Every structure is written in C-alpha cells, then in structure tokens.
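Trainee: Sequence first, predicted coordinates after that:
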Amino acid sequence: MAGKEKKYIAIAGNIGAGKSSLTSLLGKNFGWETYYESVDDNPYLSDFYEDMRRWSFNLQIYFLSSRFQHQKVLHSVEKSLIQDRTIYEDVEIFAKNLHEMGLMSNRDYENYKSLFREMVTYLKAPDLLIYLRADVPTLVRQIQQRGRDYENTIRIEYLERLNRLYEEWIEKYDHEKLVIDTDDLDFVNNQEDLGKIVSMVEQRLYGLFN
C-alpha cells in the first residue's frame, strides 16, 4: 500500500514562516518521525547576527555540516519522517544571499558551493517538499512572537532578500513540491486551517492520480 511506504517530507521557508510548528503538527497527525533544524545550540548564530561579514562563512559551514550529518541519519530511518528545513536552502538561499550582499567573499562562496556539490551527490531528494510562502509582515510578527533575542536584529530588507531568493529557488525546484501561502492561515491555532494543509499533503503523497 502506498500509505505504508516510507515517505521523506521536508518543509522549507523563510525565517519565521512556521516550519518547526508545521513539522510538529504534521508529524503528530501522520505519525511521522520529526527532525528539527539545530538552532538553539548553534555556536555561531548569535555572533553572526551581530557581525554578518565576520561570521557568515563559519555559520554556513556549521549549518552545512550539521544538516549533512542529519541527512545521513534520515536515510537510515525506516519510518516515514518530516524534516524542518532542507540542506538545499543553505546554498540556494542563505549562502547566496550573503555573497550577493558582499558579506561572504568570492573565495569563501566558491569553496562553500564546491563542498555542497560533493555532499549533495550522496543525498536523496524529499518525496515531497512543502514550501511555506509568507510575506514579510507575517514573518516579522511570527519572529516577534517567538522572542529569540538574537533575532531582534534581523532587518526587514534581509527578510525581503531571502523571500526573493526563495521564490527563485522554488520556481526552478524540479522535484515534487507543494507551495502553501500562509499569510491568511493560522495552522497552529485553527484546526480548520491545519486540516486544509493535511488534506493537501495527503493528496500529494497518497492521491489517486499520483
């Protein structure tokens, strides 16, 4: 049965888009194992937001290494699973943005991309990538609600740049994907909104015409 096959689902989206919350909710709904981005124990994140140019390469290498280690674990898991943020976003969104802003040198950026290209050959793309699309006011509101001190210095223009890169990436992403516009959804507090997302995911993964 299709529903019994192992599924690998990943959630992508800008800072504050609700990835962790939806990962938890979908994991609980479908009985999937949940895997989260390593944030609170990241030794570079706070320094990065204080001085992006100095710490950009260090931060991105940490994320890349951490996520690659996670990917190896995910591939060995026998149950279906859902992951908060993908390894692809590191190179396609965050490192590219830092380079465009002049906060990562050409040398570091090329070194970083070369490492990523080697890593990605060992990885399997998600069976379904869920992209949470949100306008900047939505992101800002949700960032403020969760109250992480190191995120207080994030600038509006930084989120805008990330949103642009996300849209460029998701447009060219050529594996199975589901784009969800979240500005008018409250899937954390509204069961009806969560139900809409659950139905969309079910259709993509187990639908009759898949």
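Mentor: That came through fine.
Trainee: Just list the residues touching Gly16, thanks.
Mentor: If a contact means C-beta atoms under 8 Å, 6 or more residues apart in numbering, then Gly16 has Ala134, Thr138, Leu139, Val140, Arg141, Gln142, Ile143, Arg146, Glu151, Leu159 as its contacts. All C-beta spots, glycine's among them, are computed from the backbone N, C-alpha and C.
Trainee: now those as CSV including distance to Trp32, neighbour count and pLDDT?
Mentor: Below are these laid out as CSV (distance: C-beta to C-beta, whole Å; neighbours: other C-beta atoms under 10 Å; pLDDT from 0 to 100):
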residue, distance to Trp32, neighbour count, pLDDT
Ala134, 23, 24, 95
Thr138, 25, 20, 93
Leu139, 25, 25, 92
Val140, 30, 16, 90
Arg141, 28, 11, 89
Gln142, 23, 18, 86
Ile143, 26, 18, 85
Arg146, 23, 10, 77
Glu151, 27, 16, 70
Leu159, 29, 20, 93
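Trainee: Let me have those residues in JSON lines, extended by distance to Tyr8 and secondary structure.
Mentor: Putting the contacts of Gly16 into JSON lines (distance: C-beta to C-beta, whole Å; DSSP: H, G, I helix; E, B strand; the rest coil) gives the following:
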{"residue": "Ala134", "distance to Tyr8": "24", "secondary structure": "coil"}
{"residue": "Thr138", "distance to Tyr8": "27", "secondary structure": "helix"}
{"residue": "Leu139", "distance to Tyr8": "26", "secondary structure": "helix"}
{"residue": "Val140", "distance to Tyr8": "31", "secondary structure": "helix"}
{"residue": "Arg141", "distance to Tyr8": "31", "secondary structure": "helix"}
{"residue": "Gln142", "distance to Tyr8": "26", "secondary structure": "helix"}
{"residue": "Ile143", "distance to Tyr8": "28", "secondary structure": "helix"}
{"residue": "Arg146", "distance to Tyr8": "26", "secondary structure": "helix"}
{"residue": "Glu151", "distance to Tyr8": "29", "secondary structure": "helix"}
{"residue": "Leu159", "distance to Tyr8": "28", "secondary structure": "helix"}
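Trainee: For Trp55, state which of those residues is nearest.
Mentor: Minimum distance to Trp55 across the contacts of Gly16 is 15.2 Å, recorded for Glu151 (C-beta to C-beta).
Trainee: where's the closest residue to the closest one other than its chain neighbours relative to Tyr122, distance?
Mentor: For Glu151, the nearest residue in space outside its immediate sequence neighbours is Ile143; the separation is 5.3 Å by C-beta to C-beta, 6 or more residues apart in numbering. Ile143 is 33 Å from Tyr122, where distance means C-beta to C-beta, to the nearest Å.
Trainee: so who does the most centrally placed residue in the chain touch?
Mentor: Geometric centre of the chain, nearest residue: Arg85, 2.4 Å, by C-alpha atoms, centre = their mean. Arg85 is in contact with Ala10, Ile11, Ala12, Gly13, Lys19, Glu37, Arg67, counting by C-beta under 8 Å, 6+ apart.
Trainee: and the lengthiest helix in the chain, how far from the chain's centre?
Mentor: Once the chain is assigned using DSSP state H, the helix that runs over the most residues is helix 52-76. Centroid displacement of helix 52-76 relative to its chain, using C-alpha atoms, centre = their mean, to the nearest Å, is 13 Å.
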